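Student: the following comprises the amino acid sequence and a computationally predicted model.
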Amino acid sequence: MLSAYISDSEVDLRAASEQAVELALRAGGKEASASAASGGGLQLGLRDGRLETAVRSGHRSLHLTVFQEGRVGAASTTTFDPGAIQRLVEEAVSIMRWAQPDADNGLADAADLAHDGPQPLRYEAVSDDAAALAEEAQGMQRALHALEKPAGTELRTSEVGLSCSETLSVMVTSTGFCRASLGSSQARWCSVTAMRDGAMARDYAQSMARRCGDLDAAPGLAERALQGAAGQLGARTVPSVTGPVLFSPRTAQALIEDLVGALMGAAQYRRASFLAGALGERVAADHLDLLEDPFEPWGLASGAYDGEGVAGSRRLILDGGVVNGYFLNSLNARRLGMRTTGNASGPYNLALSSRHPGGDALAMQRHLGTGLLVTTLSGGRTDPTTGHWSRAVEGYWIENGVQQFPVAGITLSGDMRAMLRGITHVGDDVERFGAFHTGSILIDAMHIGGRA
């Protein structure tokens, strides 16, 4: 046993995966891949200073995929004994035989497999001392209550929490690939409901990292949550207008998610993308770069290989606003007549930057001038095919670079192509959200729907 959370050794996981692949080939599969994983974690939550949740979890899984003449079948189990693996194989092969064939189905080409290569730092042992973690959560609660509150503002409810987890996985294919991956993750969060003059508002702050030392300090999390909630008290609407919009780092990630979705191989193949066939086309402002880095030390989306055993590469997805690449697995790469980019498990770490940085948060407000600062996105969606973007939002009205009052009850809409081309600045106030690194994003014009 590697740790208190990982109940199976790398040897055990490899043996289970190899057995599944071997039996699948004996049962009639032409190709097969198997991935076994073992891990677990701990989550604690306090509400108004009292322990509300304390959950210790564990997981183990074995996933098998079998191919034969363009047909594919897959099945999973949580048990590694020989009988369970045999049943797993029978189920996957049975599904495969009934599946419709697709000549592009199959394992990654042998030449693309990452048998060796860089192994980014992804693991630091996490604590399994529940008492110590509970005391840390209490410390976050104390930090929150120690903060000075705006005059007349009452802290109505508060929630703080933390989690930590570890996972070990091994992947084996019938083409000779076999590698292991070990990762850890930690998270801390704080949620606050503030009240003043009968009005209530809620906000939160969170931090995620692979190492405990990379997490934001508890006082900072508490202060962001409290300021966000208190700042929204007394929010009102504004007249409908078309004007500049500044997305905070937390809300700016949604724009990157929409861009990434449009560049995924499946969306490109189906032409279900507002950026269909955009490779080599300038789709965003010419000062923008979007860097993908699979090997960033301690990156939350770092990895030596994807779900097919193919390594990604450090590359510019956007280079001066020009689409330089898609996110492809082997299937969609074959369909598009391209080569896999090692993104079968999704994008790696992505960082949006400008060749003309916009400065800190206050500098970005000055660039905005008069317009809307968005701090929260709620209902709404992006049409992935047309690029129509619409959200209910909250935030602040800015005049001459200075916050005037909080706003709520408004909608924001635009066209993703126009929005990407209309990005005038990206801030230095960079925050990390999962795979994404971005600062605040300023767009020159969007429709702000408020009162008539």
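Tutor: The structure has been received and is ready for your questions. Numbering: from 1, shown residues only.
Student: next up, the contacts around Leu263.
Tutor: Leu263 sits next to Ser273, Leu275, Ala278, Ile317, Val323, Gly325, Tyr326, Phe327 when contact means C-beta atoms under 8 Å, 6 or more residues apart in numbering. Just so you know, the C-beta spots here come from the backbone N, C-alpha and C atoms, and that holds for glycine as well.
Student: let's see that with 7 Å instead.
Tutor: Contact analysis of Leu263 by C-beta atoms under 7 Å, 6 or more residues apart in numbering lists Leu275, Ile317, Val323, Tyr326, Phe327.
Student: can you flag which of those belong to strands?
Tutor: If you go by DSSP state E, the contacts of Leu263 have Ile317, Val323 in strands.
Student: make a markdown table from the contacts of Leu263 and add distance to Ser345 and pLDDT to it.
Tutor: As requested, the contacts of Leu263 are exported to a markdown table (distance: C-beta to C-beta, whole Å; pLDDT from 0 to 100):
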| residue | distance to Ser345 | pLDDT |
| --- | --- | --- |
| Leu275 | 21 | 99 |
| Ile317 | 16 | 99 |
| Val323 | 21 | 99 |
| Tyr326 | 15 | 99 |
| Phe327 | 10 | 99 |
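Student: return the member of the contacts of Leu263 nearest to Gly342.
Tutor: Minimum distance to Gly342 across the contacts of Leu263 is 9.2 Å, recorded for Phe327 (C-beta to C-beta).
Student: how about the closest residue to the closest one other than its chain neighbours, secondary structure?
Tutor: Excluding its sequence neighbours, the residue lying closest to Phe327 (C-beta to C-beta, 6 or more residues apart in numbering) is Asn343, at 4.1 Å. Following DSSP: H, G, I helix; E, B strand; the rest coil, Asn343 is assigned to coil.
Student: from Ala222, how far off is the closest residue to Ser33 other than its chain neighbours?
Tutor: Spatially, and ignoring its direct neighbours in sequence, Ser33 is nearest to Thr173 (4.3 Å; C-beta to C-beta, 6+ apart). According to C-beta to C-beta, to the nearest Å, Thr173 and Ala222 sit 47 Å apart.
Student: next one: Leu147
Tutor: Distance from Leu147 to Ala222, by C-beta to C-beta: 6 Å.
Student: which of those two has more residues huddled nearby?
Tutor: Per other C-beta atoms under 10 Å, whichever of Leu147 and Ala222 has more neighbours is Ala222, with 24 against 15.
Student: please state the backbone phi and psi of that one?
Tutor: Dihedral pair for Ala222: phi -60, psi -40, per degrees, to the nearest 10.
Student: likewise for Cys212?
Tutor: phi -60, psi -40.
Student: so it makes contact with Ser184?
Tutor: No: in terms of C-beta atoms under 7 Å, Cys212 does not count as a neighbour of Ser184; the distance is 9.3 Å.
Student: which one's more surrounded, those two?
Tutor: The neighbour comparison of Cys212 against Ser184 (other C-beta under 10 Å) goes to Ser184, with 22 against 16.
Student: and the more buried one, that one's in a strand?
Tutor: Yes: counting by three-state DSSP, Ser184 is found in a strand.
Student: and it, what is it in contact with?
Tutor: Tyr123, Glu124, Val126, Ser165, Glu166, Arg210.
Student: if we go to 10 Å?
Tutor: Residues near Ser184 by C-beta atoms under 10 Å, 6 or more residues apart in numbering: 3, 5, 39, 41, 122-126, 164-167, 209-212, 298.
Student: buried subset of these?
Tutor: Among those, those classed as buried by 16 or more other C-beta atoms under 10 Å are 3, 5, 39, 41, 122-124, 126, 164-167, 209-212, 298.
Student: in strands, which of those appear?
Tutor: Using DSSP E, the buried ones among the contacts of Ser184 in strands are Gly39, Gly41, Cys164, Ser165, Glu166, Thr167, Ala209.
Student: adding pLDDT and distance to Gln253, write the residues you listed out as CSV.
Tutor: Output for those, formatted as CSV (pLDDT from 0 to 100; distance: C-beta to C-beta, whole Å):
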residue, pLDDT, distance to Gln253
Gly39, 98, 26
Gly41, 97, 24
Cys164, 97, 23
Ser165, 98, 22
Glu166, 98, 26
Thr167, 98, 24
Ala209, 97, 16
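Student: closest to Ala435 out of those?
Tutor: When those are compared for distance to Ala435 (C-beta to C-beta), Ala209 comes out closest, at 13.1 Å.
Student: so what's the closest one bridging to?
Tutor: Following DSSP bridges, Ala209 is listed with bridge partners Gln186.
Student: which residues does it contact?
Tutor: Per C-beta under 10 Å, 6+ apart, neighbours of Ala209: Glu124, Ser184, Ser185, Gln186, Ala187, Arg188, Leu215, Asp216, Trp298, Gly299, Leu300, Arg432.
Student: surely Asp143 is within a helix?
Tutor: Quick fix: residue 143 is Ala, not Asp. Yes: using three-state DSSP, the assignment for Ala143 is a helix.
Student: so who does it touch?
Tutor: So Ala143 contacts Val160, Cys190, Ala217, Ala218, Pro219, Gly220, Leu221, Ala222, Glu223 (C-beta under 10 Å, 6+ apart).
Student: and whatever helix or strand the second one lives in, how far out from the chain middle?
Tutor: Spelled out, it's Cys190. Applying DSSP states H and E as the criterion places Cys190 in strand 178-196. Taking C-alpha atoms, centre = their mean, to the nearest Å, one finds the center of strand 178-196 at 12 Å from the center of the full chain.
Student: state the mean pLDDT of that strand.
Tutor: The average pLDDT within strand 178-196 is 96.
Student: buried stuff in it?
Tutor: Here strand 178-196 shows 179, 181-196 as buried, counting by 16+ other C-beta under 10 Å.
Student: and the one helix or strand Leu23 maps to, what does it pack against?
Tutor: Using DSSP H and E, Leu23 sits in helix 10-26. If you count contacts as 3 or more C-beta pairs under 10 Å, 6 or more residues apart in numbering; DSSP states H and E, helix 10-26 packs onto strand 31-47, strand 50-68, strand 71-77, helix 82-98, strand 154-173, strand 178-196.
Student: with just CA atoms, put stretch 107-120 into CSV.
Tutor: C-alpha atoms of stretch 107-120 as CSV (Å, rounded to 0.1, in the frame of the first residue of the first chain):
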residue,chain,number,x,y,z
LEU,A,107,-5.9,2.2,-30.4
ALA,A,108,-3.5,5.1,-30.9
ASP,A,109,-0.9,4.4,-33.5
ALA,A,110,2.1,2.6,-32.0
ALA,A,111,4.4,5.4,-33.2
ASP,A,112,2.5,7.9,-31.1
LEU,A,113,2.7,6.1,-27.8
ALA,A,114,4.7,7.8,-25.0
HIS,A,115,6.6,4.7,-23.7
ASP,A,116,8.9,7.2,-21.9
GLY,A,117,9.4,10.9,-21.7
PRO,A,118,8.8,13.7,-19.2
GLN,A,119,6.9,12.9,-16.1
PRO,A,120,5.7,16.2,-14.6
